[in-house]
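Peer 1: here's my sequence, what's the structure:
(one chain, ligands or ions: 1)
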Amino acid sequence: MDSYLQRLATLHAELGIPPDYAATRGLSPCEEAATLVPLGIDALERDQFADAAAAAAWLRMRDAAMADGIGLEFVSVFRSVDYQAGIIRRKLSKGLPMSDILAVSAAPGYSEHHTGRAFDLTVAGAPPLETVFEETAAFTWLTQRATEFGFYLSYPRGNPQGFIYEPWHWLYRASA
Ligand SMILES: [Zn+2]
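Peer 2: Numbering: from 1, shown residues only. Down below sits the predicted model:
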């Protein structure tokens with residue numbers, strides 16, 4: 001973990017992320033998944049991968065939702081530290097201020113997507129990664145049933161970690 005934190009500190013300094021980022025936001029580092037299993041193609045036609053236990057839980061939840069007439073799809077699952085750094089770089093190159101970027105995107109090393117256990121979910125007809133997902137029957141279903149499968153909403157409105165409200169982002173907790 002120490003070498004991981006060192007790697008993150010170097011990367012954050014290069015990107016211009018404030019050194020007190022994690023402390024101020026109350027965030028713990030998320031380690032990259034050591035092994036991943038393929039999930040198939042996402043709603044945007046990209047190959048996605050997940051932690052094996054999370055993938056199994058996802059399939060159970062997807063099938064239960066399907067039985068209730070809800071066609072859950074994933075948009076983004078595992079993301080590496082380097083991929084997350086690329087997201088930040090792209091936004092910086094568009095001229096976005098770092099404070100705005102960090103309200104939407106976790107700093108590299110602090111995204112739950114590194115673990116392979118965070119799933120960004122959507123349904124056909126809903127724009128992916130938009131607040132309006134909360135108005136779908138799929139979101140209502142998730143709020144009622146997701147915990148049965150070990151999935152929890154990470155960033156509700158007014159979350160103390162300072163992220164925007166993310167009704168689409170669900171984390172599988174191995175302990176559930
Ligand atoms: Zn997410």
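
Peer 1: can you pull out the strands in this structure?
Peer 2: Counting by DSSP state E, the chain has strands at residues 37-41, 47-50, 72-76, 118-123, 151-153, 169-172.

Peer 1: of all those, which one comes closest to residue 26?
Peer 2: Across these, residue 26 has its closest neighbour in strand 169-172 (16.1 Å, Cβ to Cβ). Every C-beta, even on glycine, is put in place using the N, C-alpha and C of the backbone.

Peer 1: sheet partners, orientation included, of the closest one?
Peer 2: Here strand 169-172 is paired, per DSSP bridges, with strand 118-123 (antiparallel), strand 151-153 (antiparallel).

Peer 1: can you give the distance of it from its chain's centre?
Peer 2: Chain-centre distance of strand 169-172: 7 Å, with Cα atoms, centre = their mean, to the nearest Å.

Peer 1: and stretch 67-84, what's buried?
Peer 2: For stretch 67-84, a neighbour-count test (16 or more other Cβ atoms under 10 Å) marks 70, 72, 73, 74, 75, 76, 77, 78, 79, 80, 81, 84 as buried.

Peer 1: so where's this structure shaky on pLDDT?
Peer 2: For the chain, the stretches with pLDDT under 70 are 1, 175-176.

Peer 1: thinking again about what came up before, got the strands of the chain as a markdown table, with distance to the ion columns?
Peer 2: Output for the strands of the chain, formatted as a markdown table (distance: least, Cβ to the ion, whole Å):
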| stretch | distance to the ion |
| --- | --- |
| strand 37-41 | 14 |
| strand 47-50 | 12 |
| strand 72-76 | 6 |
| strand 118-123 | 4 |
| strand 151-153 | 11 |
| strand 169-172 | 4 |
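
Peer 1: pick the most buried one from those strands.
Peer 2: Burial of the strands of the chain is given as mean neighbour count (mean count of other Cβ atoms under 10 Å); strand 118-123 ranks first at a mean of 25.

Peer 1: got the angle for that strand vs strand 72-76?
Peer 2: Between strand 118-123 and strand 72-76, the angle comes out at 130 degrees (axes from the mean of the first three to the mean of the last three Cα atoms, to 10 degrees).

Peer 1: gap between the nearest residue to residue 159 once chain neighbours are set aside and the ion?
Peer 2: Spatially, and ignoring its direct neighbours in sequence, residue 159 is nearest to residue 165 (7.5 Å; Cβ to Cβ, 6 or more residues apart in numbering). The spacing between residue 165 and the ion, counted by Cβ to the ion, to the nearest Å, is 12 Å.
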